[in-house]
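Q: all I have is the shape, not the residue letters:
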């Protein structure tokens, strides 16, 4: 794959408000973040950071914070250098029944855990973020042998891979980022599930037509989850579970008041810090 340049934007954001800003920046195309003391680093493909995107982002920062959030620096980084530096921060961790680890660590897998090898390579979904952990911890409750699974915003493919390791018969992972396509396929091969995982680039238009899914996973963000309500619900089999994450506590009313999601049966709500995961049944 041709190497691409990434732009690292450093923003002045109080530490306690950085999750709010990160969640919104995903909408503008940012897909990597590092939280510092009152500063937030965000990564985006240089080609994506157009004048229009920058203007919209700066307007949003100003409107939401009254001037407290703002850009303080920009730096262009080559893909390889960014990868190597970031990978140093990834460590193995226990998440519910799973033991998520990169291939370059040598930690021992607990006897009662299901190992998942994930080499992130800049795609979202290492398991470190609360939004990923919330769904990963609960997957064993909702996945049944033979299930057909859809994973919207698949990132590294971690959730789809976990579902397949729990016994799902097949899964489709969809993401708008071409890098996620390559990374998810690589991770699927490492976990011996590549033959059952179909990775696609795109959004709702990439959902397999004419199929319904027993479980749909969508770990994205508030705005996109609301926009995708109709195609996600249409793709859900009767009796199937829709598992949404990437929702902040102050976003909950938007989902409770949504005319499409409110037609489903809410079966559970899970929380970690300010993040929420909603589980619906059709």
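A: Yep, it's here. Quick caveat: nothing in here was measured; it's all calculated off a predicted structure.
Q: may I have the beta-bridge partners of the nearest residue to residue 196 once chain neighbours are set aside?
A: Distances taken as Cβ to Cβ, 6 or more residues apart in numbering put residue 170 closest to residue 196, at 5.0 Å, once the chain neighbours are dropped. Heads up, the C-betas are built off the backbone N, CA and C, glycines and all. With DSSP bridges as the criterion, residue 170 is bridged to residue 148.
Q: what about residue 170, how many neighbours?
A: Using other Cβ atoms under 10 Å, the number of residues around residue 170 comes to 20.
Q: can you check the one 3 residues further on too?
A: With neighbours defined by other Cβ under 10 Å, the count for residue 173 comes to 31.
Q: which residues touch it?
A: 151, 154, 157, 160, 180, 184, 197, 198, 199, 200 (Cβ atoms under 8 Å, 6 or more residues apart in numbering).
Q: quickly note the distance from residue 113 to residue 54.
A: Between residue 113 and residue 54 the computed distance is 44 Å (Cβ to Cβ, to the nearest Å).
Q: shaky segments in the stretch 101-250 of the chain?
A: Along the stretch 101-250 of the chain, the parts satisfying pLDDT under 70 run over 120-128.
Q: let me see the ranges of the strands in it.
A: With DSSP state E, counting those that start in this stretch, the ranges of strands along the stretch 101-250 of the chain come out as 114-117, 148-152, 170-175, 197-201, 213-219, 236-248.
Q: coming back round to it: switch the contacts of residue 173 over to CSV; also include distance to residue 12 and neighbour count.
A: CSV is the format used below for these (distance: Cβ to Cβ, whole Å; neighbours: other Cβ atoms under 10 Å):
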residue, distance to residue 12, neighbour count
151, 35, 30
154, 32, 31
157, 34, 30
160, 36, 31
180, 29, 25
184, 34, 30
197, 40, 25
198, 42, 17
199, 37, 23
200, 38, 16
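Q: between those, which sits nearest residue 29?
A: Within the set of these, residue 180 lies nearest residue 29; the separation is 12.8 Å, counting by Cβ to Cβ.
Q: please verify my assumption that the closest one contacts residue 160.
A: No. Residue 180 sits out of contact with residue 160 when judged by Cβ atoms under 8 Å, with a separation of 11.1 Å.
Q: dump the strands of the stretch 101-250 of the chain to TSV, plus distance to residue 266.
A: What follows is the strands of the stretch 101-250 of the chain, written out as TSV (distance: least, Cβ to Cβ, whole Å):
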stretch	distance to residue 266
strand 114-117	28
strand 148-152	19
strand 170-175	24
strand 197-201	28
strand 213-219	15
strand 236-248	10
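Q: pLDDT at the closest residue to residue 229 other than its chain neighbours, what is it?
A: On the basis of Cβ to Cβ, 6+ apart, the spatially nearest residue to residue 229 that is not a chain neighbour turns out to be residue 260, at 4.1 Å. The pLDDT attached to residue 260 in the predicted structure is 97.
Q: go on, residue 41?
A: For residue 41, the model assigns a pLDDT of 91.
Q: wait, it touches residue 9, no?
A: Yes. In this structure residue 41 lies within contact range of residue 9 using Cβ under 8 Å: 7.2 Å.
Q: which residue ranges of this protein form helices?
A: Under the criterion DSSP state H, the chain contains helices at 18-25, 51-65, 79-87, 130-142, 158-165, 178-190, 222-227, 229-234, 252-256.
Q: of those, give the one that comes closest to residue 243.
A: Here helix 130-142 is closest among the helices of the chain (Cβ to Cβ), at 5.5 Å.
Q: report all helices and strands that the closest one contacts.
A: strand 93-95, helix 158-165, strand 213-219, strand 236-248, strand 265-272, strand 275-281 (3 or more Cβ pairs under 8 Å, 6 or more residues apart in numbering; DSSP states H and E).
Q: pick the most buried one from these.
A: Comparing the helices and strands packed on helix 130-142 on average neighbours per residue, with mean count of other Cβ atoms under 10 Å, the densest one is helix 158-165 at a mean of 28.
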